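S.K.: Could you look at this predicted model? Sequence included:
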Amino acid sequence: MDTGSVGVPTGQQVIARLERLEVWSLSYLFIGIIGLGFLFTFYDIFDINVSFIQTCVQLNKGCTPENALEALPLPVLLNLVGYVVGTLVLSPIADRIGRRNMLMITMLITGLGSLYNAFVGDYVNFNIARTITGIGIGADLAIVNTYINEVAPRKARAKFTTIIFIMSALGAFVGIWLGLILTTPATPWPLGLPFAAAGPSFETGWRWMYGVGAILAVIAILLRFELPESPRWLIGQGRFAEADAVVRSMEERAAKHGPLAEPLMADVYGAATPPSPFPYRDLFGHALYLRRIILLFVVWFVGYITVYSFASGFTAVLSALRYPPPEAGVIAAVGTLGFVAEAAVMSVIVEKLERRYWLPIGAGVTIIGSIVVSIAETNIWLSFLGAILIFAGFNLWVSPTYALTAECFPTRARSTGFALVDGVGHIGGGIGVMIIAPILPQLPVFWALGLISVFLVIAAILVQFAPHTRNRHLDHISP
């Protein structure tokens, strides 16, 4: 029962106080700490984009820059299989032992996988290392989004999810540009980088890239020790005094921005529901959450076909479409500027629209970018513009849909629910790459990029059946 001890507020009282906060009320340092983990996570997702050609040529007998696309689907799929295993196994544990503790464990696993990648001696071990890395990434993304959703102010959950997502964009930017510098030969700009380092005397740039990833993981682990636990999770555990201490600190910081509103107890219910011993049963046994699981799983599954075809394979796709590898790498690298710009702009405007409306906009921008690349032909600057639009478009919808997904499940099983739909949905990325990759070289550029983009259109249609969540209490959306 949520009665509290003498002098200790009840769970409902603490949640009411938390709900009245209208500004980010933790240290802004924590945004950087969480964001650094996201930076590494997306660095690892994107670092294979440019560097894989060099990796494949060295480790996979018979691989050439022109046919590297044929070998790409396997490591992408295995990375995503690891993602699914990690998110399904580790995310429910976060609902039991806490968000903060699992955030350190998931980053440790991811870092070990990246370190393994740096020292592999053959293609089999490369794929095993990518699988291990995926295990950590899958759970980390689910738990980070859960954590942000539970500590951000009600009117800005998508905003702060997107602010963290800026670090994701920077991770993708670093992963692709570092790959361009370390794993492609020096080529006059704009068809390559004049200062790129790859050559007969330096063919191990891809190993250095995974080594950098391992170092980033160590830094992220050490910083995450500073994070407080989610007060919503603490309340579910009956640890009201600890939740009160966290919220009291948040109130002190929020009060510096102006007087605090009075807590409204009438808006709070179900705040102290304990975590289910079997969170999967709790979700699948509830008709509301079962419907949401099915809908959001399909949205992520289909949408990730587009995302991973571009995120992990854009360079290989362009090479298969007969772009010289250095030029293909430069086009992909310049495209990441669109990702960074999109995340920065979205952090300002994301709360202007309901979450589900951003996916059609993202699909439209992606299609426009694909058309621009397809008509560019030998005009490298037009190809750059198209790539920027593609990277902006296929990422534009991700952060608001992250927020929507976390909002659609109750605190007692939020990490588990996110894992089920986003985590398992990543299988779509792997399967999509495996199925469409062999087809792409047979198609003109327009139809190849159009085929990749059309899946985002389908996801945009489906997500319109998701609930309205913007500016609503979490416990009202998902009791």
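M.R.: Everything's here; your move. Residues are numbered from 1 along each chain as shown.

S.K.: Provide a list of residue ranges in the stretch 301-450 of the chain with pLDDT below threshold.
M.R.: Where the stretch 301-450 of the chain drops to pLDDT under 70, the residues are 312.

S.K.: can you give me the helices in it?
M.R.: Taking DSSP state H, counting those that start in this stretch as the test, the helices found in the stretch 301-450 of the chain are 314-320, 325-349, 358-376, 380-396, 398-407, 414-418, 424-425, 427-436, 445-462.

S.K.: Tell me which of those sits nearest to Tyr43.
M.R.: Tyr43 lies closest to helix 325-349 among these, at 11.2 Å (C-beta to C-beta). Backbone N, C-alpha and C define where each C-beta goes, glycine included.

S.K.: re the thing from before, and among the helices of the stretch 301-450 of the chain, the most buried is which?
M.R.: Per residue and on average, the most neighbours among these fall to helix 414-418, with a mean of 31 (mean count of other C-beta atoms under 10 Å).

S.K.: what packs against that one?
M.R.: Applying 3 or more C-beta pairs under 8 Å, 6 or more residues apart in numbering; DSSP states H and E, one finds that helix 414-418 makes contact with helix 73-97, helix 123-151, helix 279-284, helix 287-311, helix 398-407.

S.K.: so which of those comes closest to Leu26?
M.R.: Closest approach to Leu26 among the helices and strands packed on helix 414-418 is made by helix 123-151 (6.1 Å; C-beta to C-beta).

S.K.: ok, and for the closest one, which residues are buried?
M.R.: 123, 126-151 (16 or more other C-beta atoms under 10 Å).

S.K.: And that helix, how far out from the chain middle?
M.R.: From the chain centre to the centre of helix 123-151 is a distance of 9 Å (C-alpha atoms, centre = their mean, to the nearest Å).

S.K.: can you check stretch 63-77 too?
M.R.: 23 Å.

S.K.: and the end-to-end length of it?
M.R.: One end of stretch 63-77 sits 18 Å from the other (C-alpha to C-alpha, to the nearest Å).

S.K.: which residues make contact with it from outside it?
M.R.: For stretch 63-77, contacts defined as C-beta atoms under 8 Å, 6 or more residues apart in numbering pick out 48, 52-53, 56-57, 60, 126-127, 130, 308, 312-313, 316-317, 319-320, 325, 429-431, 433-434, 437-438, 440-441.

S.K.: pLDDT of that stretch, averaged?
M.R.: Mean pLDDT, stretch 63-77: 84.

S.K.: how far away is the nearest residue to Phe119 once chain neighbours are set aside from Ser399?
M.R.: In space, and not counting its chain neighbours, Phe119 is closest to Arg207: 7.3 Å by C-beta to C-beta, 6 or more residues apart in numbering. Applying C-beta to C-beta, to the nearest Å, the value for Arg207 to Ser399 is 32 Å.

S.K.: what are the phi and psi angles of Phe202?
M.R.: Note on Phe202: backbone dihedrals following degrees, to the nearest 10 are phi -150, psi 90.

S.K.: Find me the pLDDT at it, would you?
M.R.: Here, the pLDDT recorded for Phe202 equals 92.

S.K.: cool, and Gly199?
M.R.: The per-residue pLDDT reported for Gly199 equals 88.

S.K.: thinking it is in contact with Thr183, fair?
M.R.: No - counting by C-beta atoms under 8 Å, Gly199 stays clear of Thr183, with 10.6 Å between them.

S.K.: Between the two, which is the more surrounded one?
M.R.: Taking neighbours as other C-beta atoms under 10 Å, Gly199 and Thr183 compare with Thr183 leading, 29 against 11.

S.K.: for that one, what are its contacts?
M.R.: 50-51, 53-55, 198, 205-206, 209.

S.K.: same thing but at 6 Å, please
M.R.: Taking C-beta atoms under 6 Å, 6 or more residues apart in numbering, we find Thr183 in contact with 51, 54, 198, 205-206.

S.K.: What I need now is the residues you listed written out in TSV, including neighbour count and secondary structure for each item.
M.R.: Listed next are the contacts of Thr183 as TSV, based on neighbours: other C-beta atoms under 10 Å; DSSP: H, G, I helix; E, B strand; the rest coil:
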residue	neighbour count	secondary structure
Ser51	27	helix
Gln54	25	helix
Ala198	23	strand
Gly205	22	helix
Trp206	27	helix
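
S.K.: quick one on the thing from earlier: so which strand or helix has the residue nearest to Phe119?
M.R.: Per DSSP states H and E: Arg207 is located in helix 205-224.

S.K.: Which residues does that helix contact?
M.R.: By C-beta under 6 Å, 6+ apart, the residues outside helix 205-224 that reach it are 33, 36-37, 40, 43-44, 47, 51, 54-55, 103-104, 107-108, 110-111, 114-115, 117-118, 178, 182-183, 198.

S.K.: What is the burial count for the closest residue to Ala214 other than its chain neighbours?
M.R.: Spatial nearest neighbour of Ala214, excluding adjacent residues (C-beta to C-beta, 6+ apart): Leu115 at 4.0 Å. Using other C-beta under 10 Å, Leu115 has 19 neighbouring residues.

S.K.: tell me the average confidence for the host helix or strand of Leu115?
M.R.: Element membership for Leu115 (DSSP H and E) is helix 99-119. In this model, helix 99-119 has an average pLDDT of 93.

S.K.: And for stretch 33-43?
M.R.: 84.

S.K.: neighbouring contacts of that stretch?
M.R.: Outside stretch 33-43, the residues that reach it (C-beta under 6 Å, 6+ apart) are 107, 137, 140, 144, 164, 167-168, 170-172, 174-175, 213, 216-217, 220, 223.

S.K.: Quick check: closest non-adjacent residue to the most centrally placed residue in the chain.
M.R.: By C-alpha atoms, centre = their mean, the mean C-alpha position of the chain lies nearest to Leu141, the distance being 5.6 Å. Residue nearest to Leu141 in three dimensions, not counting chain neighbours: Thr41, with 6.3 Å by C-beta to C-beta, 6+ apart.

S.K.: Using PDB, write down the CA coordinates of the helix or strand containing the one you found.
M.R.: Using DSSP H and E, Thr41 sits within helix 28-46. The C-alpha coordinates for helix 28-46 follow below in PDB (Å, rounded to 0.1, in the frame of the first residue of the first chain):
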ATOM      1  CA  TYR A  28      22.300  19.800 -17.300                       C
ATOM      2  CA  LEU A  29      25.500  17.700 -16.900                       C
ATOM      3  CA  PHE A  30      23.300  14.600 -16.900                       C
ATOM      4  CA  ILE A  31      22.000  15.400 -20.400                       C
ATOM      5  CA  GLY A  32      25.700  15.300 -21.500                       C
ATOM      6  CA  ILE A  33      26.300  12.100 -19.600                       C
ATOM      7  CA  ILE A  34      23.300  10.300 -21.100                       C
ATOM      8  CA  GLY A  35      24.000  11.900 -24.400                       C
ATOM      9  CA  LEU A  36      27.600  10.600 -24.500                       C
ATOM     10  CA  GLY A  37      26.200   7.100 -24.200                       C
ATOM     11  CA  PHE A  38      23.900   7.800 -27.200                       C
ATOM     12  CA  LEU A  39      26.900   9.300 -29.100                       C
ATOM     13  CA  PHE A  40      28.700   6.000 -28.700                       C
ATOM     14  CA  THR A  41      25.700   3.900 -29.500                       C
ATOM     15  CA  PHE A  42      25.100   5.700 -32.800                       C
ATOM     16  CA  TYR A  43      28.800   5.900 -33.500                       C
ATOM     17  CA  ASP A  44      28.700   2.100 -33.400                       C
ATOM     18  CA  ILE A  45      25.600   1.900 -35.600                       C
ATOM     19  CA  PHE A  46      27.100   4.100 -38.300                       C
END
